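J.: Can you look at this prediction? I've put the sequence above it.
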Amino acid sequence: MAEPDLLVVGGGPAGLATAIEARMAGLSATVVDRRRPPIDGACGEGLMPGGVARLLRLGVEIEPSEARVFHGIRYLDGETRVEARFAIGAGVGVRRTALHRSLARRAEALGAELLWGVTVRGLVDGGIVTDAGVLRGRVLAAADGRLSPVRRWAGIPMAGPVRPRFGIRRHYRLAPWTDLVEVYWADHAEAYVTPVGPEMVGVAVLTRSTPLDLDRAIHRIPALARRLEGARPASRDRGAGPFGQRAARVVSDRVALVGDAAGSLDPITGEGLSVAFAQAEALVRTLVDPAAEGYPEAHRRIMRLPRRVTGLLLVAEARPALRRLVVRSLAAAPRLFAGIVDAVGSAGIGTVRRAGSAAART
Ligand SMILES: Cc1cc2nc3c(=O)[nH]c(=O)nc-3n(C[C@H](O)[C@H](O)[C@H](O)COP(=O)(O)OP(=O)(O)OC[C@H]3O[C@@H](n4cnc5c(N)ncnc54)[C@H](O)[C@@H]3O)c2cc1C
């Protein structure tokens, strides 16, 4: 097997986006994943406008029957509610399996080599040890998720506190009742409701309480429990966490970390996929453009705003009285809320603005 320019461990959203970017830039790419497609995952499945714009730029097409466009965010906290519509572009709620199928199809069509059902067991000089033998590549990208074994083998430590927050999600066969992503705030948890198809909504709950019990969490949010009453679950529950830790550095020798492998952002602002796509683009640019900023600098830039907003929201989330005050204040200042929703949701859209406008038309 010829040695590819880029050898990617992990064929989730970050790994496949990296391979697509590589092929679009004229580099050869091989992706190795221990699972087989379509790969599912614990996720709220809301792709913000900035992420949608990036996906379109990559030429990834999502079947309309497997997705649903959303136009903004609504916060609900007891009797208080505030909502904002995106000023630029639109978001897309999409089942992870559908997103994975579309990414894999595009990567394959561009000529990336996709090796499914192959587990990576360790690193060797210039390559990886898999249960199908040793594979080598000019550059190794670790896109192997939050627990990233490659990161560990490369000797990259984690930095920052682990936040004791966990997530669990389930789908319901139910026609979406709004074109917004709803966030139900409560003292024990927040619940994110994302339309992901004409007859399907996804519910993801983030909480500090374990063991994760989705039914109990929903039952304690009466407004949401009423919405879901009688609806049939359409997937098995998937959980993940804790979140928040980040890699002390994102490159080491010939390994670069992409997506959750570089640190899993708490999903409170729903940006994991968008930042993974931005990181994939930045990494490949550093490989083909000698004038491009270095990957560590680009990674820091991409993560700056999401980390700040996430940090602020987590301060409020941990203090119920403060959280209620914040949501009430945002309800009293809807333009401020709209500004925040736009800044977060449309982050990076400027660089792919034309594609973003196309998203708004879908
Ligand atoms: C509850 C919850 C809700 C979320 N909601 C949202 C949301 O609404 N919007 C959003 O944008 N983001 C959301 N996120 C974040 C988003 O899901 C992640 O950021 C995203 O999945 C990261 O993708 P990834 O490709 O980096 O990692 P992963 O999706 O974890 O992919 C890693 C891949 O690596 C493979 N792998 C691992 N180890 C090996 C090995 N040894 N050998 C071979 N392959 C290996 C795995 O099989 C897997 O396919 C949410 C996350 C959670 C947990």
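T.: Yep, that arrived.

J.: Tell me where the protein is predicted with low confidence.
T.: Counting by pLDDT under 70, the chain contains low-confidence ranges at 1, 347-362.

J.: what does it have sitting close to the ligand?
T.: Within reach of the ligand by CB under 6 Å from any ligand atom, the chain has these residues: 9-15, 32-35, 39, 41-47, 119-120, 143-145, 149, 167, 169, 204, 240, 259-261, 267, 270-274, 276. In short, each C-beta sits where N, CA and C put it, glycine included.

J.: Among those residues, which ones are in strands?
T.: Within these, residues falling in strands by DSSP state E are 9, 32-33, 46-47, 120, 167, 169, 204, 240.

J.: The ligand: which of those residues is nearest?
T.: Using CB to the nearest ligand atom, residue 167 is the member of those that lies nearest the ligand, at 2.4 Å.

J.: And for that closest one, nearest residue in space, chain neighbours not counted?
T.: Of all residues not flanking residue 167 in the chain, residue 206 sits nearest, at 4.9 Å (CB to CB, 6 or more residues apart in numbering).

J.: cool, and residue 117?
T.: The shortest distance from residue 117 to any non-neighbouring residue, by CB to CB, 6+ apart, is to residue 36 (5.1 Å).

J.: pretty sure the one you found contacts residue 114?
T.: No - using CB atoms under 8 Å, residue 36 is not in contact with residue 114, being 10.3 Å away.

J.: more neighbours, those two?
T.: residue 114 (19 against 10; other CB atoms under 10 Å).

J.: How about the contacts made by the more buried one?
T.: For residue 114, the contact set (CB atoms under 8 Å, 6 or more residues apart in numbering) comprises 11, 19, 30-31, 33, 104, 107-108.

J.: most surrounded residue in the residues you listed?
T.: Highest count within the contacts of residue 114 by other CB under 10 Å belongs to residue 19, 34 neighbours.

J.: Surely that one is within a helix?
T.: Yes - Residue 19: assigned to a helix according to DSSP: H, G, I helix; E, B strand; the rest coil.

J.: I figured it hits residue 4, correct?
T.: No - contact between residue 19 and residue 4 fails when scored by CB under 8 Å: they sit 9.4 Å apart.

J.: Now the common contact residues for the two.
T.: Counting by CB under 8 Å, 6+ apart, the common neighbours of residue 19 and residue 4 are 29-30.

J.: Per the annotation, how does the protein divide into domains?
T.: According to automatic domain parsing, the chain comprises the domains 6-68+89-162+244-361, 166-240.

J.: Take these and lay them out in JSON lines including distance to residue 80.
T.: Listed next are those as JSON lines, based on distance: least, CB to CB, whole Å:
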{"stretch": "domain 6-68+89-162+244-361", "distance to residue 80": "5"}
{"stretch": "domain 166-240", "distance to residue 80": "9"}
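
J.: just so I have it, where are all the helices in the stretch 51-200 of the chain?
T.: Along the stretch 51-200 of the chain, the stretches classed as helices by DSSP state H, counting those that start in this stretch are 96-109, 149-153.

J.: quick check, the residue nearest to residue 167 in a strand?
T.: Yes - assessed with three-state DSSP, residue 206 lies in a strand.

J.: Now do the contacts for it.
T.: So residue 206 contacts 165-167, 189-190, 192, 266-268 (CB under 8 Å, 6+ apart).

J.: can you check residue 35 too?
T.: Contacts of residue 35 by CB under 8 Å, 6+ apart are 11, 116-117.

J.: okay if I get those as a markdown table plus distance to residue 251?
T.: Listed next are the contacts of residue 35 as a markdown table, based on distance: CB to CB, whole Å:
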| residue | distance to residue 251 |
| --- | --- |
| 11 | 21 |
| 116 | 27 |
| 117 | 28 |
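
J.: for these, which one is nearest residue 285?
T.: residue 11 (21.2 Å; CB to CB).

J.: Leaving out chain neighbours, which residue sits closest to the closest one?
T.: Leaving aside its sequence neighbours, residue 11 sits nearest to residue 33 (CB to CB, 6+ apart; 3.3 Å).

J.: again with residue 200
T.: Using CB to CB, 6+ apart, the closest residue to residue 200 is residue 171 (5.7 Å).

J.: Would you agree that neighbour is in contact with residue 199?
T.: No - in this structure residue 171 lies outside contact range of residue 199 using CB under 8 Å: 10.3 Å.

J.: neighbour-wise, which of those two wins?
T.: The residue with more neighbours, out of residue 171 and residue 199, is residue 171; 23 against 14, by other CB under 10 Å.

J.: Now for the more buried one: which residues touch it?
T.: Residue 171 neighbours (CB under 8 Å, 6+ apart): 95, 196, 200-203, 233-235.

J.: what does whichever helix in the chain runs longest rub up against?
T.: Ordering each helix of the chain by length in residues (DSSP state H) puts helix 295-317 first. Contact with helix 295-317 is made by 163, 165, 185, 190, 246, 249-251, 256, 262-263, 265-266, 268-269, 271, 275, 278-279, 282-283, 285-286, 292-293, 322-323, 326, 340, 343-344, 347-348, as judged by CB under 8 Å, 6+ apart.
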